[in-house]
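Undergrad: Turn this into a structure:
(chains A and B)
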Amino acid sequence: MTRYVMVADLRRCVGCQTCTAACRHANATPTGVQWRRVLDMETGEYPDVRRTFVPVGCMHCEDPPCMTVCPTTATRKRDDGIVTIDYDLCIGCTYCDVACPYQARYKVDKADFAYSDKPTDAEEARYDPKRLGVSTKCDFCAAKIDAGLEKGLTPGVDPEATPACANSCIAGALHFGDIEDPNSNVSKLVAENESFRMHEELGTKPGFYYLWDES
Amino acid sequence: MSKPGETKSVATYCYQCVAGPDLLKVNVQDGVAVGVEPNFDATEIHPGAGKICVKAYGLIQKTYNPHRISTPMKRTNPKKGRDEDPGFVPISWDEALDAVAAKVVEVMADGGLDESGYPRIAATFGGGGTPQSYMGSFPAFLATLGPVDFGFGGGQGVGCTHSEHLYGEFWHRAFTVSADTPTTKYLVSFGSNIEASGGVCGVWRHANARANGLKRVQIEPAQSITAACSAEWVPIKPKTDSAFMLAMIHVLLHEHDVGELDVEFLKHRTSAPYLVAPGGYYLRDKKTKKPMIWDPAKNKAVVFDTPGVEPALMGTYTASGFEQGPDSEQTLHKSCKVITAHNKLVDHVKSSTPAWAAEICDVKEETIRRVANEFLSHACIGETIEIDGQTLPYRPVAITLGKTVNNGWGGFECCWGRTLLACLVGALEVPGGTLGTTVRLNRQVNDRLDSVTPGEDGFMSFPMNPTDPQRWEPKPNIRNAYKTLVPLSADNAWSQALGPTHFSWMFQDKTPDNLPKATSPELWFVYRSNPAISTWDAPGVTDKISRFPYIVAFAYTMDETNHMADILLPESNDLESTQLIRIGGTKFIEQFWCQEGYALRQPAVKAMEGSRDFTDISTELAARSGLLEAYNVRINKGNAGVRLFGDNYDFSLDPAKKHDAEAIWDASCRAASAELSGGKNKDGLDWYKEHGFKVKPYPQSHWYLYPRLVEHGLRFEMPYQERLTRIGVELGNRLHEQDITWWDEQLKEYRPLPGWENIPGLWEDSAAIAKGDDPHPFWLLTSRSMQYSWGSNVTIQLMQEVASNIAGHGGVVINTGAATKLGIADGDLVEVTSPLRSTKGRAVLRQGIRPDTLLMIGQFDHWKTPVAKDFHVPSLNTVTPMSMKLTDSTGSSADLVKVGVTRIGSAA
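TA: Numbers count the residues shown, from 1 in each chain, chains lettered A, B, ... in the order given. Model prediction:
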């Protein structure tokens, strides 16, 4: 079996938002729709303050609450663990948006562009009306992964088969791969470092691991 | 160009900030650029694994931005000013080029210099020389114009790491300074926000270093992105960093045995053993005039380069010789007491204890002592490492300085402290230590190692502006008077922009006594620079720009500066035009490559209708100004980036003919290929269009100066600043001979051993503080934004969107506790007032900032630039005055100001 996951090394992330911008490019998401983004979190009180950058997005849960509540089966989980949305089936009810504990979903009802109601040439070239009125989110660049696999490439190793955010990361903080393969990059990273998954107590079993030094 | 239905990937570069270039590929569908991604072909050759910075992702919107100026325009309203409608009307390219050429001819016909002796033509480009990677062959055109004043700052001097540029190059060929990040283990960073300003290479190298065990201590008033990623944040009081460093030096010299330092390095690679005579200058040998050291074996003073001598590091001795003072003054000593420079230093820092510094810096004494001790304990003194087959010292400790620390008053002390601390443990210019990146004042500019040539007294040579009576120039060649006032600024094309560039603006209103009146340039070119926003006293500079009679602006969108222009020329931009640039070697900020070569920028898409390639614009301007032949000769000589001929190749252009951009860059590509291959390869533009870049190996050992110094038997000029002291006295003599006394405070900075000066006091209103009613109790600082810095991209919606994910981008950051005391809640509208004026913005409450400090990221307060004018984000530049009092001897100021803050409205 294969289960694709993302690993974010919080010790390396600098919050630069390059992954955010790369995702916006790769997936042609509308203004403000950031399937991948990085939180700037502050804890403690002056002068004992910690500032931490935390990449977030769809966690591609093993037991995704968004899928359970979807009345049309638009949200599905692939055999490789990637949680997808079929825009032809989605009715935009946003039950999933509410159910997702990670605030990973976006719904846009009206076309919105960078500079006005009118798209730029680049936006027009990538515009997809199917994205209006439906829930959208990160799909780990599934089409790219599939195309890469068809060419015999390895997701997480070969850029042509790897999600844009991981490809773009200038800190080497984001890694993608098959957690079921004990020899994969992500399996080794999780095995060799302390890690946690967000809101693990909810039982969603996220496919997104954070590396950190607990001490 | 793409054909309908075609999808292609086009290799190019992004050089929107000095931390570049990044090599990328543009994805093009049906002739439309739809995305960018790293050029993975460069993964193995690029020091940041071929990744690209967030700014590069803004290039698509930059290309298709509907706010672009799409045709040449001319002004119809002769009145200029913020409140004047310029009345721009579209004109043809022919009309625009003819108009500019006519102005060039008119101005040159009057002679290159005006009645004050200043160039009639001036030009201003944006930060760090990055616009040069987008202006094609324009430098060749500029080179044909005779004298041009490049000294009207777009922010350099006030917003750059200015003192570091000058002192860094002086002491170790370090226009900017970096840690040898991949191998260092302990890094003390005084406000160097490398994770925001270091670009891809900086972030990549530091992330790897942290994973390899680097401990970085970030010392700064506000917790930056870099502090967030550091092992420790030390919130120091602004502008007290030199006291911290003096205390570190004290700990090393007074709380440790001298044997714990790198004694070998100090004795043989620094001037620590040089003997200082009673007058404060080195004791010199009468015959050779060389400085002397004490030879304990022979119990006498000998010249510093006596073979085989193991000089004394400490001690007071009796010897004979002479002192070389200023202006050829010599003092003979038949017998006098002399002391080693190192001993002088030890005495100098005796009272600079951690307890003393703790009070000044508002940092615990034990923290200062611990940092000093950790610095020493990580230095691995005595260890070596193999690099390219050479055995070099391995000293994995470094100190870096950031903006506000290494510019303006205090910059001298901090740069000295940083360099000295490295010397004490032998960690200057060796693996793991503190390194320079590149040179701009010294030559050859492409290889700083080759700039290392023997100078006087066993030190590296330096192209100091002369201060002797015969050669000092009382009459400045340009308006900021760099050559007259700043010996360290040297005298080449970069020097003009590295003098006191704010003086060019300040002196427009009132030129100080006994300097020729600072005139307005009769013709001003401006490109990728917006001084009306990016300089201090931005509204004041705006007013001065409005008085310039003829401004030619290469214009992307309207902005606050080109609002005053007479002619707007829209060049084809980043993804639409052609240029070849040099890459690799070592370069700022953390560009340490093991390759060197060239990269091409090429049109990924058809250029916007109405725009023209910058090279073609330059050629037309040259031709219409009657300068074509001289322009072509300049291109042949390398003014467009590559010299077109070499020992065994010649791709020179026919000087008599007009050549289009393709022809010019094809010749450049062929020359570049030949240069890299010793004449064997002649790949031209087509090859570079397909492959993007061509490189050859560059040895890692060239990252370090140390082997070259050993080869030449040279020393670092540390710790004692005998030469600078002499130069300062001479400069004072020359200025006083001209009845110039307004530079006297700056002259005090020339001294042999920097100590603590009350730097914060320069900004503080001590009378108001004493009365307890200080109207400006906060320090206002600024910080680099990776998303915006130098990108000319405040009109890029994507940058604004992603930048807003990072705290502080939307307003003024204030400590939560301090804000609460003032009744300010997160998001409240506040007014921030300095003695100059006020700026307004939203309060961003954070714990990670000192209670006496405010922070405004980036440079904003736009009123004309599309998109940005709707940000309503405040800017330090609006409230910071330009001032002689706040200018140091290098001609720089520090970007901070004292302010008060008042709540004026509730959260939106």
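Undergrad: my read: residue B:193 touches residue B:228, true?
TA: No. Look at residue B:193 against residue B:228 with Cβ atoms under 8 Å: they stay out of range, at 10.4 Å. The C-beta positions use only the backbone N, C-alpha and C, and glycine is treated the same way.
Undergrad: can you give me the end-to-end distance of stretch B:583-595?
TA: 8 Å (Cα to Cα, to the nearest Å).
Undergrad: so how far is that stretch off the chain centroid?
TA: 16 Å (Cα atoms, centre = their mean, to the nearest Å).
Undergrad: With stretch B:281-294 instead?
TA: Worked out by Cα atoms, centre = their mean, stretch B:281-294 lies 36 Å from the chain centre.
Undergrad: One more: stretch B:585-600?
TA: Offset of stretch B:585-600 from its chain centre (Cα atoms, centre = their mean): 17 Å.
Undergrad: how about that stretch against chain A, any contact?
TA: No. Stretch B:585-600 does not reach chain A (Cβ under 8 Å from any Cβ of the partner chain); its nearest approach is 11.9 Å.
Undergrad: try stretch B:847-863
TA: Yes. Residues of stretch B:847-863 contacting chain A under Cβ under 8 Å from any Cβ: B:847, B:848, B:849, B:850, B:851.
Undergrad: Without its sequence neighbours, what residue ends up closest to residue B:455?
TA: residue B:461 (3.2 Å; Cβ to Cβ, 6 or more residues apart in numbering or on different chains).
Undergrad: Any regions of the chain where pLDDT drops low?
TA: Picking chain A for this. Applying pLDDT under 70 to chain A flags residues A:215.
Undergrad: To clarify, I was referring to chain B.
TA: B:1-4, B:156-158, B:791.
Undergrad: Got the domain ranges for chain B?
TA: Domain assignment for chain B, taken from automatic domain parsing, gives B:73-161+B:464-569, B:162-441+B:709-747, B:763-905.
Undergrad: can you put these in a markdown table and add mean neighbour count?
TA: Below are these laid out as a markdown table (neighbours: other Cβ atoms under 10 Å in any protein chain shown):
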| stretch | mean neighbour count |
| --- | --- |
| domain B:73-161+B:464-569 | 21 |
| domain B:162-441+B:709-747 | 22 |
| domain B:763-905 | 21 |
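Undergrad: And for stretch B:651-665, what's in contact with it?
TA: With Cβ atoms under 8 Å, 6 or more residues apart in numbering or on different chains as the test, stretch B:651-665 has contacts from B:136-137, B:577-580, B:600, B:613, B:615-616, B:619, B:623, B:628-629, B:632-633, B:635-636, B:640, B:644-645, B:667-668, B:670-671, B:674, B:685.
Undergrad: Among these, which ones are in strands?
TA: Under the assignment DSSP state E, those contribute B:579, B:580, B:600, B:645 to strands.
Undergrad: Disregarding residues adjacent in the polypeptide, which is nearest to the third one?
TA: Excluding the flanking residues, the one nearest residue B:600 by Cβ to Cβ, 6+ apart is residue B:688, at 4.0 Å.
Undergrad: same deal with the last one?
TA: For residue B:645, the nearest residue in space outside its immediate sequence neighbours is residue B:652; the separation is 5.3 Å by Cβ to Cβ, 6+ apart.
Undergrad: hang on, the one you found in a helix?
TA: No. According to DSSP: H, G, I helix; E, B strand; the rest coil, residue B:652 belongs to no helix; its state is coil.
Undergrad: so who does residue A:50 touch?
TA: A:42, A:43, A:44, B:228.
Undergrad: rerun at 7 Å
TA: Residues counted as contacts of residue A:50 (Cβ atoms under 7 Å, 6 or more residues apart in numbering or on different chains) are A:43, A:44.
Undergrad: Helices of chain A, start to end?
TA: Assigned by DSSP state H, chain A shows helices spanning A:18-27, A:65-69, A:95-99, A:121-126, A:142-150, A:164-168, A:185-192.
Undergrad: Serialize the ones you listed to TSV and add fields for mean neighbour count and distance to chain B.
TA: Output for the helices of chain A, formatted as TSV (neighbours: other Cβ atoms under 10 Å in any protein chain shown; distance: least, Cβ to the nearest Cβ, whole Å):
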stretch	mean neighbour count	distance to chain B
helix A:18-27	27	4
helix A:65-69	18	23
helix A:95-99	18	20
helix A:121-126	18	5
helix A:142-150	16	11
helix A:164-168	26	7
helix A:185-192	16	11
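Undergrad: So for residue A:213, which of the domains of chain B sits nearest?
TA: domain B:162-441+B:709-747 (10.2 Å; Cβ to Cβ).
Undergrad: Could you work out the end-to-end span of the closest one for me?
TA: Span of domain B:162-441+B:709-747 from end to end, Cα to Cα: 17 Å.
Undergrad: picking up where we left off before, list phi and psi for the residue nearest to residue B:645.
TA: phi -60, psi 150 (degrees, to the nearest 10).
Undergrad: which stretch of helix or strand covers residue B:779?
TA: Using DSSP states H and E, residue B:779 sits within strand B:778-783.
Undergrad: what sits up against the next helix or strand after that strand?
TA: The first helix or strand that comes after strand B:778-783 along the chain, using DSSP H and E, is helix B:797-803. By Cβ under 7 Å, 6+ apart, the surrounding residues in contact with helix B:797-803 are A:17, A:20-21, A:24, A:31-32, A:114-115, B:54-55, B:57-58, B:61, B:785, B:787-788, B:793, B:809, B:867.
Undergrad: Given the helix or strand that helix B:797-803 is followed by, what are its sheet partners and their directions?
TA: Scanning forward in sequence from helix B:797-803 by DSSP H and E, the next helix or strand is strand B:811-815. Sheet pairing for strand B:811-815, assigned by DSSP bridges, gives strand B:838-846 (parallel), strand B:853-857 (antiparallel).
Undergrad: end-to-end on stretch B:849-862?
TA: Counting by Cα to Cα, the terminal residues of stretch B:849-862 are separated by 26 Å.
Undergrad: ok now it, how far from the chain's centre?
TA: 21 Å.
Undergrad: Beta-bridge partners for residue B:336, please?
TA: The partner list for residue B:336 in beta bridges (DSSP bridges) reads residue B:319.
Undergrad: any idea how far residue B:345 is from it?
TA: Per Cβ to Cβ, to the nearest Å, residue B:336 is found 20 Å from residue B:345.
Undergrad: For the residue nearest to residue B:645, give its distance to chain A.
TA: 40 Å (Cβ to the nearest Cβ, to the nearest Å).
Undergrad: got it, and residue B:747?
TA: Taken as Cβ to the nearest Cβ, the span from residue B:747 to chain A is 39 Å.
Undergrad: quick one on the thing from earlier: off-centre distance for the strand holding residue B:779?
TA: Using Cα atoms, centre = their mean, the offset of strand B:778-783 from its chain centre is 20 Å.
Undergrad: what does stretch B:656-673 give?
TA: So, by Cα atoms, centre = their mean, the centroid of stretch B:656-673 is 31 Å from its chain's centroid.
Undergrad: Grab the nearest non-local neighbour of residue 194.
TA: Unless you meant another one, I'm taking chain A. residue A:214 (5.2 Å).
Undergrad: Sorry, I should have been clearer: chain B.
TA: residue B:202 (4.9 Å).
Undergrad: Am I right that that neighbour falls within a strand?
TA: No. Looking at residue B:202 with three-state DSSP, it is helix, so not inside a strand.
Undergrad: which residues in the stretch 101-250 of chain B form strands?
TA: Remark: strands assigned in the stretch 101-250 of chain B by DSSP state E, counting those that start in this stretch are B:121-125, B:148-149, B:177-179, B:186-190, B:215-219, B:232-234.
Undergrad: Output these as a markdown table; include the columns distance to chain A.
TA: Shown next, in a markdown table, are those (distance: least, Cβ to the nearest Cβ, whole Å):
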| stretch | distance to chain A |
| --- | --- |
| strand B:121-125 | 26 |
| strand B:148-149 | 37 |
| strand B:177-179 | 16 |
| strand B:186-190 | 14 |
| strand B:215-219 | 11 |
| strand B:232-234 | 7 |
